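Undergrad: one predicted model, sequence on top.
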Amino acid sequence: IIHTKKHFFFFFFCVVGWGCAPPPPNTPPPPHHSLLTHSHQTAMSLDTLANVKTRLGITTSADDSLLGLLQNSADKWIANYCGCDFGGGTYTEYHPGGSEFVHLKNFPVQSVTSVNVDPGYVFGSNTILSTTAYVVHLERGVIQSLVGPFAPRMDRQGLVNRHVYNWTKGPRVIQVIYTVAAGIADDILEAYALLIAHWYRGVKTATSMGYANLTNQNLGPLKLTYVPERLTAYPIPPEIMVLLAPYRAPSI
């Protein structure tokens, strides 16, 4: 009879074949930090307010507060869309094993400090790979093994659905420490300004209409027609996605 949650989980792990024996002494648990950590502590905007206004042809300071808020939103949107950080610095990432390729989140890469493969999650100096065991494709941030898959997939007897490849390739067993130089490409900055302009246009249009849900408005002899996308600020214009496409981290 199982009396406690603790005993139930122990029993469950034994049944599915994940092992009943306790871990060896002094074995640290898997790391609890995020997939990506880096040395930056202060988030910076992709570009300055002055540069954004220059790109958009805005010459007054009347809407600086609004533009600053839109900058914050654009920083977050582009970071989420591309899945990477453009600030540069030193990064530590953890990746699954079972493949000959590791796709880093940030690129182009300036240098790789170490590639450490350890299914025990210790990541000590004794599990750091020799630099002759892999090659780094700096421009796209891809590390390619020259000696077969990193942490080859294991057939875990008793594991439910153990034939599912992604479930048995070893989560977070590869640690990569690498550096990316500071500097943001001009096409990213253009996309950043266009995104801010898109949202800014939506706010200015909506305020000029008093936030009324209109598509047409007659002002004496003047007839105004409003484009729905300009009122809602969605969808995001495709030209922004085209500019950012080369910088999206692959979802593996």
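TA: Done, it's in. Residues are numbered from 1 along each chain as shown.

Undergrad: drop to CA atoms for contacts and neighbour counts, all remaining ones
TA: Will do.

Undergrad: from T60, how far off is N106?
TA: According to Cα to Cα, to the nearest Å, N106 and T60 sit 36 Å apart.

Undergrad: who has more neighbours, these two?
TA: Set side by side, N106 and T60 show more neighbours around N106, with 27 against 8, by other Cα atoms under 10 Å.

Undergrad: need the contact list for D75.
TA: 45-46, 192 (Cα atoms under 8 Å, 6 or more residues apart in numbering).

Undergrad: output these in CSV; the columns should cover secondary structure, distance to R248 and pLDDT.
TA: Formatted as CSV, these follow (DSSP: H, G, I helix; E, B strand; the rest coil; distance: Cα to Cα, whole Å; pLDDT from 0 to 100):
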residue, secondary structure, distance to R248, pLDDT
S45, coil, 18, 92
L46, coil, 16, 95
Y192, helix, 14, 98
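
Undergrad: ok, now which ones touch G68?
TA: By Cα under 8 Å, 6+ apart, the neighbours of G68 are L49.

Undergrad: so what's the backbone phi/psi at it?
TA: With angles defined as degrees, to the nearest 10, G68 sits at phi -60, psi -40.

Undergrad: hang on, T205 in a strand?
TA: No. T205: not assigned to a strand; according to DSSP: H, G, I helix; E, B strand; the rest coil it is helix.

Undergrad: how close does it get to N72?
TA: In terms of Cα to Cα, T205 sits 21 Å off from N72.

Undergrad: so if I had to pick from these two, which one is more boxed in?
TA: More neighbours surround T205 than the other of T205 and N72, with 18 against 14 (other Cα under 10 Å).

Undergrad: where does the more buried one land on pLDDT?
TA: pLDDT recorded at T205 is 81.

Undergrad: repeat for P22
TA: For P22, the pLDDT comes out at 42.

Undergrad: strands of the stretch 151-252 of the chain, residue ranges please.
TA: In the stretch 151-252 of the chain, the strands defined using DSSP state E, counting those that start in this stretch lie at 174-180, 216-219, 222-225.

Undergrad: partner strands of the longest one, with direction?
TA: Here the strand partners of strand 174-180, with direction, are listed using DSSP bridges: strand 89-95 (antiparallel), strand 111-117 (antiparallel).

Undergrad: show me where pLDDT drops low in the stretch 1-150 of the chain?
TA: 1-43 (pLDDT under 70).

Undergrad: show me where it has helices.
TA: Applying DSSP state H, counting those that start in this stretch to the stretch 1-150 of the chain gives helices spanning 5-16, 49-56, 64-82.

Undergrad: would you indicate which residues of the second one are buried?
TA: By that I understand helix 49-56. Under the neighbour-count criterion of 16 or more other Cα atoms under 10 Å, helix 49-56 has 49, 52-53 buried.

Undergrad: out of those, which is nearest to V136?
TA: The closest of the buried residues of helix 49-56 to V136 turns out to be V52 (Cα to Cα; 34.7 Å).

Undergrad: list the residues that contact the closest residue to the closest one other than its chain neighbours.
TA: Nearest residue to V52 in three dimensions, chain neighbours excluded: A193, at 5.5 Å (Cα to Cα, 6 or more residues apart in numbering). The contact partners of A193, by Cα under 8 Å, 6+ apart, come to 52, 55-56.

Undergrad: any idea how far A193 is from F86?
TA: 15 Å.

Undergrad: got TSV for the contacts of D75, with distance to A185 and neighbour count too?
TA: Below are the contacts of D75 laid out as TSV (distance: Cα to Cα, whole Å; neighbours: other Cα atoms under 10 Å):
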residue	distance to A185	neighbour count
S45	14	17
L46	10	22
Y192	11	23
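
Undergrad: looking at the residues you listed, which is nearest V135?
TA: Nearest to V135, judged by Cα to Cα, of the contacts of D75 is L46 at 30.4 Å.

Undergrad: distance of the closest one relative to V115?
TA: For L46 relative to V115 (Cα to Cα), the value is 29 Å.

Undergrad: over to R140?
TA: For R140, the distance to V115 - Cα to Cα - is 17 Å.
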